[in-house]
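Chemist: Attaching a predicted model along with its sequence, questions to come.
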Amino acid sequence: MRIHDTLMRRTVDLVPREPGKIAMYVCGVTPYAPAHIGHARTAVVYDLLRRYLRSAGYTVTYVSNYTDIDDKIIQRAQDQGIAPLDLSTRYIGEYLEDMAALNVLPPDVTPRVSESIPDIIDLIGRIIANDHAYVSSDGVYFAVRKFSRYGRLSGRSVDEMRSGARVEVNEAKEDPLDFALWKFAKPGEISWDSPWGRGRPGWHIECSAMSLRHLGAGFDIHGGGEDLIFPHHENEIAQSEAALDGQQFVRYWMHSGMVNMGGEKMSKSLGNVMTVRELLEQYPGQVIRLYLLQTSYEKPLKFSLSGFGQAFASYERMAEFEAFLQELGQSSHDGVDPEIESTCSGFLSEFDASLADNLNTSRALASLYEFMTRIRRMASEHGLAKLDASCALEAFRSRLWVLGLDQTSEYVRHKTGLLADKQHELEEAAAEVGAAADDHGSARDLLDAIVAKRRAARETGQFDLADQIRERLRSIGIALEDGVDGVRYRIRG
RNA sequence: GGCGGCAUAGCCAAGUGGUAAGGCAAGGGUCUGCAAAACCCUCAUACCCCGGUUCGAAUCCGGGUGCUGCCUCCA
């Protein structure tokens, strides 16, 4: 496949370190607040990459960390009077729930900073031994000017950065650009012993230590949000390669785009966040995931609620199509139609080629929609029910899995939940139309009773009454569809 | 101030030199008791503006305008 590499600044062929194997590391979250839609986007993008690579036959090792020790966690834990690690553990739990709702597969390894201290200390030791870092009054610092390639990833020179003048003034540093590898503990702060004094790791060194620990030097893909390019990833390269004696740290760098809220980047520090939890109250996780996959992963995504409405309609079409194929699978078949087979194989190759092209999800989705239309057209023109369309179901489901949109049943469950929410309204409607139902019947029972009442009306030619009942249900957001084999309902809004 | 990115129909969005994918919405039709769903048809002489290169540009170059990212914690 081809991917856009940030360091080389172009789209290149992905050539793994070891044939058939991909080792990837993605910077995870700092768990001190609920995850927002921007975190979700990054997680979904790399989950897609992993799923695609796996479907393309690679054995993928996916590592993503938790920065469970940092200034904000310490601060917030202090405010709440609890231990920092208790706070981060709580938010990691919430994060895992959110990701599960979005059908993000758990990474193979999820190291935490607090459990990686020995690796971090070891790495800092090697950097000092190679004369790329020094011990100062309040910590250990990396000497940026001793690393000649510094600035290559973010495309700026050391002198440019210097004139930026936004670098913090700190007497302990030999150069304003130097950054902390190890921060000596302030009284009362969580800390660990080290050869240089008690303290805790700086942010950047953690990811170098954890990725090298689990994947080794020269691993294939390092990803993250594009806001991490500078300084985080720039620093990671510098530290790691300073310790690796000339070996390459990472083969390919990938960065996913930001989610913008009202024109600017959504971020905790700006306070303009839409959390995954808030969204999940309104939309099934699969709809949120589809929303995120509609845009190329590298481009900024303008958050808009109307976009979720559109994604909802699109996902419903997918779920309905799958249900349609499943029903077909149960009918009797005369054999295999070559037209169906060629449609299936055409879809598969177009879909796979789209994702192989730097994860072009827009194109992959287009091929999916076209496939649905083609199969439906054959069904309405030649009566597909007589033929074996199992290859269509197989092809459709397999690529839905790659997109992580295969949880159509989760989506149906969400809609069932919506039906349950209408219990009270259904009771009123049932009473109004005179449908006989148990006093303590479920929402589904109530709906069934109303539908039975309407069926009776239709069978006796009382179409006015039937339409009235349908209209009443529509008024509470339930749409009825009369099909040849019975009545279906769908929840609107 | 420095270094980047983006600008395609009502909305979302692909396409980076060969004459505008796809989705949502909308309108018309088939089907239906009527609807809905499904299917068919329609829906950008046109890709922010002005120049230029080219047989040919949404795509390349120059100049504008607008929005935006990084330079500080950030996915």
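Modeler: Arrived safely.
Chemist: can you give me the helices in the stretch 301-450 of chain A?
Modeler: Using DSSP state H, counting those that start in this stretch, the helices of the stretch 301-450 of chain A run over residues A:305-329, A:338-356, A:361-382, A:390-403, A:408-421, A:423-433, A:443-459.
Chemist: Same list, the ones you listed, but as CSV with mean neighbour count and distance to residue A:97 please.
Modeler: Where C-beta positions appear, they are placed from N, C-alpha and C, glycine not excepted. Putting those into CSV (neighbours: other CB atoms under 10 Å; distance: least, CB to CB, whole Å) gives the following:
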stretch, mean neighbour count, distance to residue A:97
helix A:305-329, 17, 20
helix A:338-356, 17, 28
helix A:361-382, 17, 25
helix A:390-403, 19, 21
helix A:408-421, 15, 13
helix A:423-433, 16, 26
helix A:443-459, 18, 25
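Chemist: looking at these, which one has the lowest mean pLDDT?
Modeler: Of all the helices of the stretch 301-450 of chain A, mean pLDDT reaches its minimum on helix A:408-421 (a mean of 78).
Chemist: outside of that helix, which residues touch it?
Modeler: Under the criterion CB atoms under 8 Å, 6 or more residues apart in numbering, residues A:103, A:284-287, A:315-316, A:318-319, A:322-323, A:400, A:442-444, A:447, A:477-478, A:490-491 lie in contact with helix A:408-421.
Chemist: if we can go back for a sec, any chance of the helices of the stretch 301-450 of chain A in JSON lines, with distance to residue A:298 too?
Modeler: Putting the helices of the stretch 301-450 of chain A into JSON lines (distance: least, CB to CB, whole Å) gives the following:
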{"stretch": "helix A:305-329", "distance to residue A:298": "18"}
{"stretch": "helix A:338-356", "distance to residue A:298": "14"}
{"stretch": "helix A:361-382", "distance to residue A:298": "11"}
{"stretch": "helix A:390-403", "distance to residue A:298": "17"}
{"stretch": "helix A:408-421", "distance to residue A:298": "28"}
{"stretch": "helix A:423-433", "distance to residue A:298": "45"}
{"stretch": "helix A:443-459", "distance to residue A:298": "44"}
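Chemist: Can you tell me the SS state at residue A:490?
Modeler: Recorded secondary structure, residue A:490: strand (DSSP: H, G, I helix; E, B strand; the rest coil).
Chemist: Can you get me a residue count around the residue lying closest to it once chain neighbours are set aside?
Modeler: The shortest distance from residue A:490 to any residue other than its chain neighbours is 5.1 Å, reached at residue A:479 (CB to CB, 6 or more residues apart in numbering). Using other CB atoms under 10 Å, residue A:479 is surrounded by 12 other residues.
Chemist: then the stretch of helix or strand residue A:479 belongs to to PDB, C-alphas only?
Modeler: Assigned by DSSP states H and E, residue A:479 belongs to strand A:478-483. Only the C-alpha atoms of strand A:478-483 are listed here, as PDB (Å, rounded to 0.1, in the frame of the first residue of the first chain):
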ATOM      1  CA  ILE A 478     -42.100   5.700  14.100                       C
ATOM      2  CA  ALA A 479     -42.400   5.100  10.400                       C
ATOM      3  CA  LEU A 480     -44.300   2.000   9.100                       C
ATOM      4  CA  GLU A 481     -43.500   0.300   5.800                       C
ATOM      5  CA  ASP A 482     -45.800  -2.200   4.300                       C
ATOM      6  CA  GLY A 483     -43.900  -4.900   2.500                       C
END
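Chemist: Name the spans of chain A whose pLDDT lies under the cut-off.
Modeler: For chain A, the stretches with pLDDT under 70 are A:162-170, A:263, A:270, A:437-440, A:492-493.
Chemist: Now do the domain split for it, please.
Modeler: Following the assignment in automatic domain parsing, chain A carries domains at A:2-278, A:305-404, A:422-491.
Chemist: from the chain's centre, how far out does the longest one sit?
Modeler: For domain A:2-278, the distance between its averaged C-alpha position and the chain's averaged C-alpha position is 18 Å (CA atoms, centre = their mean, to the nearest Å).
Chemist: Could you tell me the end-to-end distance of that domain?
Modeler: Using CA to CA, to the nearest Å, the end-to-end distance of domain A:2-278 comes to 35 Å.
Chemist: try the shortest one
Modeler: Across domain A:422-491, the straight-line distance between its terminal residues is 10 Å, by CA to CA.
Chemist: quick one: which of the helices of the stretch 301-450 of chain A is nearest residue A:118?
Modeler: Shortest distance between residue A:118 and the helices of the stretch 301-450 of chain A, using CB to CB, is found for helix A:390-403: 37.8 Å.
Chemist: And RNA strand B, is the closest one touching that?
Modeler: No: on the criterion CB under 7 Å from any atom of the strand, helix A:390-403 is out of touch with RNA strand B, staying 12.9 Å away.
Chemist: same for that helix, what does it pack against?
Modeler: helix A:37-55, helix A:285-293, helix A:305-329, helix A:338-356, helix A:361-382 (3 or more CB pairs under 8 Å, 6 or more residues apart in numbering; DSSP states H and E).
Chemist: list the contacts for residue A:284?
Modeler: A:315, A:410-411, A:414-415.
Chemist: and those near RNA strand B, which?
Modeler: Okay, of the contacts of residue A:284, nothing touches RNA strand B (CB under 7 Å from any atom of the strand).
Chemist: List the contacts of residue A:26.
Modeler: A:42, A:46, A:62-64, A:107, A:222-224.
Chemist: In PyMOL, how would I select just the buried ones from those residues?
Modeler: Buried residues among these (16 or more other CB atoms under 10 Å), as a PyMOL selection:
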select buried, chain A and resi 42+46+62+63+64+107+222+223+224
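Chemist: Give me the subset of the contacts of residue A:26 that also touch RNA strand B.
Modeler: Under the cut-off given by CB under 7 Å from any atom of the strand, RNA strand B has A:42, A:224 from the contacts of residue A:26 close to it.
Chemist: All set, thanks.
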